[in-house]
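Undergrad: Curious how this folds, go ahead:
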Amino acid sequence: MELYIGEISQRVQVLNQNNSGKEANEFFQNDPKIEGIVVVSDDLKPVGLITRTQFYQSLGRQYGYDLYIQRGINLIMDDQPLTVDYYTTIDMVSTLAMARQQEKLYDYIIVTKDDEYYGAVSIKNLLLKLLEIQVSIAKFQSPLTGLPGNLMIEEKLKALIQKNQFSVLYFDLDNFKPYNDIYGFNEGDGVIQETANIITRNVQRFGRPTDFVGHIGGDDFVAILDHYEFDILCQGILDEFNEKVKGFYNETDLRRGYVFCQNRRGVVETFPLLSLSIAVVTNRNKKYYNIEDVIREAAITKGKCKVIMGSCCCTN
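TA: Next up, the predicted model:
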């Protein structure tokens, strides 16, 4: 969800362009916290900005006080401040703000709505909001794949129960632990990242814009669809995975078709190469009233996949 700059703007001190420097001076003197004053026209359109630093630098010049204190503030204001519409995204505003000249970097950003003055945003508040957004994104995303994590997945699943049609695709990497033990965590992370890319690419290619892909954690992923058109999608994912998996192994293991690794009891045994299982749960023939039932059905369906050698797709 995009945030607009108008949502974090605040009303700051305003003067009409016909006011004098004396009135600006009174505002700055009476409230040391005022960083700047927005200058507006008679029809409330912003026409300039006066910052505290700029104002007193001008007054401090030779004859500056006599020149500006009794005359219109249009003589001293910046007549080209950064002005943006309420519905400009915060990301876009931050880009524009950081592209300003050095002496203007910390000036207010003026916000308009329907072309009239609405408020202003300080650089401090803009940076704090950007940090808050980044923390929020990190909270909802998997740091390894960048895909939405469990909080977002749960929200999507709850909303899905109300749909007339839905398909939930659970992806699980088979024999990932022995691969990780033999080839190491870095290579294992690479497999997980590539699997995420394969799923995402095929959902974008064969799915719909409303389709959602999430990373449950470890080697488990989920795709949530509001339709039943998953056959071509699943086949595309399996075909690409089966091709890409060849690059995960050295020539010896790939030619042999299995690897040697200690099991949980410390006994060396053989394990098949990586494969991908897809358990599909739909409400085509059965109605679900809560996500727990969907998850339970997915676990049963995933069990069907586990008894099939190699990559496969099973439906409930």
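
Undergrad: can you list contacts of stretch 226-233?
TA: 160, 163, 165-167, 169, 202-203, 206-208, 210-211, 223, 280, 282, 284 (CB atoms under 8 Å, 6 or more residues apart in numbering). All C-beta spots, glycine's among them, are computed from the backbone N, C-alpha and C.

Undergrad: Buried residues in it, which are they?
TA: 230, 233 (16 or more other CB atoms under 10 Å).

Undergrad: quick one, phi psi at residue 167?
TA: The phi/psi pair for residue 167 (degrees, to the nearest 10) reads phi -140, psi 130.

Undergrad: now do the one 10 residues further on
TA: In this entry, residue 177 is assigned phi and psi values of phi -60, psi -50 (degrees, to the nearest 10).

Undergrad: Let me know the pLDDT of it.
TA: In this model, residue 177 is scored at 91, pLDDT.

Undergrad: start the count at 22, not 1, going forward
TA: Understood, numbering begins at 22; the last thing we discussed is residue 198.

Undergrad: burial measure for it, as a count.
TA: Using other CB atoms under 10 Å, the number of residues around residue 198 comes to 16.

Undergrad: Also the one 10 residues further on?
TA: Applying other CB under 10 Å, we find 13 other residues in the vicinity of residue 208.

Undergrad: Would you confirm that it contacts residue 269?
TA: Yes - between residue 208 and residue 269 there is a contact under CB atoms under 8 Å: 7.2 Å.

Undergrad: Mind listing the shared neighbours of these two?
TA: residue 200.

Undergrad: about what we covered before: from the contacts of stretch 247-254, keep the buried residues only.
TA: 181, 187, 188, 190, 223, 224, 227, 228, 232, 244, 301, 303.

Undergrad: Would you mind putting those residues into JSON lines with pLDDT alongside?
TA: Formatted as JSON lines, the buried ones among the contacts of stretch 247-254 follow (pLDDT from 0 to 100):
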{"residue": "181", "pLDDT": "87"}
{"residue": "187", "pLDDT": "95"}
{"residue": "188", "pLDDT": "96"}
{"residue": "190", "pLDDT": "97"}
{"residue": "223", "pLDDT": "96"}
{"residue": "224", "pLDDT": "96"}
{"residue": "227", "pLDDT": "94"}
{"residue": "228", "pLDDT": "92"}
{"residue": "232", "pLDDT": "94"}
{"residue": "244", "pLDDT": "97"}
{"residue": "301", "pLDDT": "96"}
{"residue": "303", "pLDDT": "96"}
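
Undergrad: Out of the residues you listed, list just those in helices.
TA: When DSSP state H is applied, those are split such that 181, 223, 224, 227 fall in helices.

Undergrad: In this structure the second one contacts residue 265, no?
TA: No - under the contact definition of CB under 8 Å, residue 223 does not touch residue 265, with a separation of 11.7 Å.

Undergrad: Show the contacting residues for residue 52.
TA: Residue 52 makes contacts with residue 34, as judged by CB under 8 Å, 6+ apart.

Undergrad: remind me which residues of the stretch 72-221 of the chain are low pLDDT?
TA: Applying pLDDT under 70 to the stretch 72-221 of the chain flags residues 157-160.

Undergrad: quick revisit: between the ones in helices among the buried ones among the contacts of stretch 247-254, which sits nearest residue 202?
TA: If you rank these by distance to residue 202 using CB to CB, residue 223 comes first, at 28.6 Å.

Undergrad: Quick one: neighbours of the closest residue to that closest one other than its chain neighbours, just the number.
TA: Spatially, and ignoring its direct neighbours in sequence, residue 223 is nearest to residue 257 (4.2 Å; CB to CB, 6 or more residues apart in numbering). Neighbour count for residue 257, taken as other CB under 10 Å: 18.

Undergrad: Tell me which residues touch residue 257, please.
TA: Taking CB under 8 Å, 6+ apart, one finds 223, 226, 227 in contact with residue 257.

Undergrad: My guess is residue 311 contacts residue 183. True?
TA: No - look at residue 311 against residue 183 with CB under 8 Å: they stay out of range, at 11.3 Å.
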